[in-house]
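Asker: Pasted the sequence and its predicted model underneath.
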Amino acid sequence: MVAHSRVAIVGAGAVGASLAYALMFKNICSEILIVDINPDIVRAQVLDLADAACISHTSIRGATAEEAGQADIIVISAGAKQKEGEPRTKLIERNYRVLKNIIGGMQPIRPDAVMLMVANPVDILTHIARKLSGLPASQVIGSGTYLDTTRLRVHLGEVFDVNPQSVNAFVLGEHGDSQMVAWDSATIGGQPLNSFPEWESMDRNAIEKSVSGKAMEIIRLKGATFYGIGACAADLVHTIVLNKKSVHPVSVFVEKYGVTLSMPAKIGWEGVQHVYDVPLGKEEEERLVGSAEALREIQELY
Ligand SMILES: NC(=O)C1=CN([C@@H]2O[C@H](COP(=O)(O)OP(=O)(O)OC[C@H]3O[C@@H](n4cnc5c(N)ncnc54)[C@H](O)[C@@H]3O)[C@@H](O)[C@H]2O)C=CC1
Ligand SMILES: CC(=O)C(=O)O
């Protein structure tokens, strides 16, 4: 366990609770603070999670927004979620108000805190959180396409009969409808994916559709997604707390595109330490620019 590793989770619904559960069993945080506008949810989640925390080395308690502003890492998972058939961008008006309220309540935010946005639409809210919090861009990260990339790797792991963790392929751009897969740079064991015999027969459009549509399939079947993002967000917190300098696709302000979107980034104590420039084919670059444009249209409104 790391001594200075207090993590606040603002928004204690299904996503916040799944993150807390995944995080406590990593045994790297001294304390998890649970914050929500609904005091009954805070009490219920803390009571339930405390029974699990007893078997880990992390303590858990309810806290105020003001206390959350003094945590080392502040995760924001508060807000409305999509209904079946609704794009993530449809949530912006409601979740902008929620975010504004939360950031207002957390002031003064610790200047060295790292803020991790999870609520949707995550790229736009990450852009807004940076503006409202006044924190440097490198300290305000969105979970972005980490979850989509995980979904892609799970799918490719099945196609190539290999552990998904050994698939090096990224989903980039928006955590949403305009996202794209960087196929040309995808490798397994250092070997480009397009040199494998499976490449020709692989329906890449169908794979992209299945990856970007996975959230909606889960929402249709059980109303929400939470374990996948809980594990991804816990991994990002782990990377920050231990200064692991691991590379994950996260939402961050990217100079090259002038917007907040997902690119692979090296992550450690101070948040994003470096953003990598993935080599893209011409068509891929056009699609990523298209995703940036789609996001810019909305981000410019805030
Ligand atoms: N980035 C990603 O990959 C994913 C993002 N999400 C997003 O995470 C968000 C939360 O989803 P769920 O946990 O399933 O929803 P939920 O409805 O279970 O929980 C949301 C929580 O936010 C709280 N909340 C609302 N306004 C608040 C405020 N002003 N201050 C503090 N707490 C407030 C509510 O009381 C509720 O407990 C949604 O926006 C959803 O779309 C969900 C899955 C994946
Ligand atoms: C809900 C959502 O954003 C996801 O599962 O990808």
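Answerer: On my side now, so go ahead. Keep in mind that what you see is a predicted model, and the values were worked out from it rather than measured. Ligands and ions are numbered 1, 2, ... in the order given.

Asker: Only C-alpha atoms from now on, for both contacts and neighbour counts.
Answerer: Will do.

Asker: Show me where this protein has its strands.
Answerer: 6-10, 31-35, 59-62, 73-76, 114-117, 140-142, 167-168, 171-172, 180-181, 187-188, 191-192, 246-254, 259-268, 271-275 (DSSP state E).

Asker: how about the ones you listed in CSV, adding mean pLDDT?
Answerer: Listed next are the strands of the chain as CSV, based on pLDDT from 0 to 100:
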stretch, mean pLDDT
strand 6-10, 98
strand 31-35, 98
strand 59-62, 97
strand 73-76, 98
strand 114-117, 98
strand 140-142, 98
strand 167-168, 98
strand 171-172, 98
strand 180-181, 98
strand 187-188, 98
strand 191-192, 98
strand 246-254, 98
strand 259-268, 98
strand 271-275, 98
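
Asker: Pull up the residues of this structure that are close to ligand 1.
Answerer: Taking Cα under 6 Å from any ligand atom as the contact definition, the chain meets ligand 1 at 10-16, 36-38, 77-82, 98, 101-102, 118-120, 122, 143, 147, 224-226, 229.

Asker: 5 Å instead, please
Answerer: 11-15, 36-38, 77-81, 98, 118-120, 225, 229 (Cα under 5 Å from any ligand atom).

Asker: Report the buried members of those residues.
Answerer: With burial judged by 16 or more other Cα atoms under 10 Å, the buried subset of the residues of the chain next to ligand 1 is 11-15, 36, 77-79, 81, 98, 118-120, 225, 229.

Asker: list the contacts for the residue lying closest to D235 once chain neighbours are set aside?
Answerer: Sequence neighbours aside, L23 is the residue nearest to D235 in space, at 7.9 Å (criterion: Cα to Cα, 6 or more residues apart in numbering). Contact analysis of L23 by Cα atoms under 8 Å, 6 or more residues apart in numbering lists 29, 231, 234-235, 237-238.

Asker: Name the member of the residues you listed with the most neighbours.
Answerer: Comparing the contacts of L23 by number of neighbours (other Cα atoms under 10 Å), V237 comes first, having 28 neighbours.

Asker: Return the residues in contact with that residue.
Answerer: Here V237 is in contact with 23, 73 (criterion: Cα under 8 Å, 6+ apart).

Asker: Tell me which two in the contacts of L23 are the farthest apart.
Answerer: Using Cα to Cα, those span at most 15.0 Å, a distance reached by C29 and A231.

Asker: Give me the nearest residue to A294, chain neighbours excluded.
Answerer: S178 (7.4 Å).

Asker: surely that neighbour meets V289?
Answerer: No: between S178 and V289 there is no contact, the gap being 9.9 Å when judged by Cα atoms under 8 Å.

Asker: quick one: low-confidence parts of the stretch 101-250 of the chain?
Answerer: In the prediction, the stretch 101-250 of the chain carries no residues with pLDDT under 70.

Asker: returning to what we had before: if we take the contacts of L23, which one ends up nearest to ligand 1?
Answerer: A231 (10.4 Å; Cα to the nearest ligand atom).

Asker: Check the gap between the closest one and G189 for me.
Answerer: 24 Å (Cα to Cα, to the nearest Å).

Asker: go on, S143?
Answerer: S143 is 26 Å from G189, by Cα to Cα.

Asker: what about the two, which has more around it?
Answerer: S143 (27 against 9).

Asker: Can you give me every residue that contacts the more buried one?
Answerer: S143 neighbours (Cα under 8 Å, 6+ apart): 116-118, 122, 232-233, 236, 249-251.
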